[in-house]
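[1] Okay, here's the prediction I keep looking at, along with the sequence it came from:
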Amino acid sequence: MFVKRYDEGDFLILLLYVDDMLIVGQDIKRIMSLKKALGKSFSMKDLGPTKQILGMHIVREICDNEKYVTKILERFNMLEAKPVGSMLTKNSNMNAKQCPRGEKEKAEMRKVPYTSSIGNLMYVMVYTRPDMAFDVRAVSRYMSNPGREH
């Protein structure tokens with residue numbers, strides 16, 4: 001498996017097993033460009049949209065979670081937030097030292113619906129945005145004692 005991430009949050013995934021290949025991505029132009037580049041070096045046959053790979057059947061469904069995501073943004077007062085490709089930057093440095101230590105800090109963070117927001121993000125990640133997996137995993141590590149930075 002080869003993964004190429006782009007700065008704007010886009011990605012390409014190339015799965016290769018013996019003589020089977022699957023290319024997954026958000027941008028059809030990038031997928032076509034990769035196919036063209038690989039075709040220059042290797043003898044390839046494009047069989048069209050994948051229906052099966054490694055004994056697994058692939059069913060394509062259009063799943064629109066836009067309403068659900070809008071509801072989440074409303075719930076957490078983030079409707080005006082600017083979209084980003086990734087919640088975390090490469091320089092994000094979350095760690096346990098950022099967890100609240102004093103009772104006052106802990107009481108303040110209990111008012112923040114951190115666990116609920118992580119649950120909502122996990123739902124979106126599982127059903128429509130697998131590219132969020134790294135970010136969701138990173139922030140979910142602090143569900144038992146989240147700090148402001150988390």
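    Thanks, I have it. All figures in this text were calculated on a predicted structure; none of them were measured in a lab.
[2] Verify the stated contact: residue 79 with residue 73.
    Yes: counting by C-beta atoms under 8 Å, residue 79 touches residue 73, with 4.9 Å between them. (Each C-beta comes from the backbone N, C-alpha and C, glycine too.)
[3] Neighbour count for those two, which is higher?
    Taking other C-beta atoms under 10 Å, residue 79 and residue 73 do not tie; residue 73 has more neighbours (14 against 10).
[4] what sits up against the strand or helix carrying the more buried one?
    Here residue 73 sits within helix 66-75, counting by DSSP states H and E. Contact partners of helix 66-75, identified using C-beta atoms under 8 Å, 6 or more residues apart in numbering, comprise 78-79, 81, 117, 120-121, 123-124.
[5] buried subset of those residues?
    Buried members of the contacts of helix 66-75, scored by 16 or more other C-beta atoms under 10 Å, are 117, 120-121, 123-124.
[6] Which parts of this structure are helices?
    Ranges of helices in the chain, per DSSP state H, are 28-41, 66-75, 103-110, 114-127, 133-140.
[7] Select, out of those helices, the one closest to residue 13.
    Across those, residue 13 has its closest neighbour in helix 28-41 (10.1 Å, C-beta to C-beta).
[8] same for the closest one, what does it pack against?
    Helices and strands touching helix 28-41, as assessed by 3 or more C-beta pairs under 8 Å, 6 or more residues apart in numbering; DSSP states H and E, comprise strand 11-17, strand 20-25.
[9] now for those, which one comes closest to residue 144?
    Using C-beta to C-beta, the helices and strands packed on helix 28-41 put strand 11-17 closest to residue 144, at 30.3 Å.
[10] Given the closest one, what are its sheet partners and their directions?
    strand 2-5 (antiparallel), strand 20-25 (antiparallel) (DSSP bridges).
[11] Could you list the low-confidence segments of the chain?
    Applying pLDDT under 70 to the chain flags the ranges 61-64, 87, 89-91.
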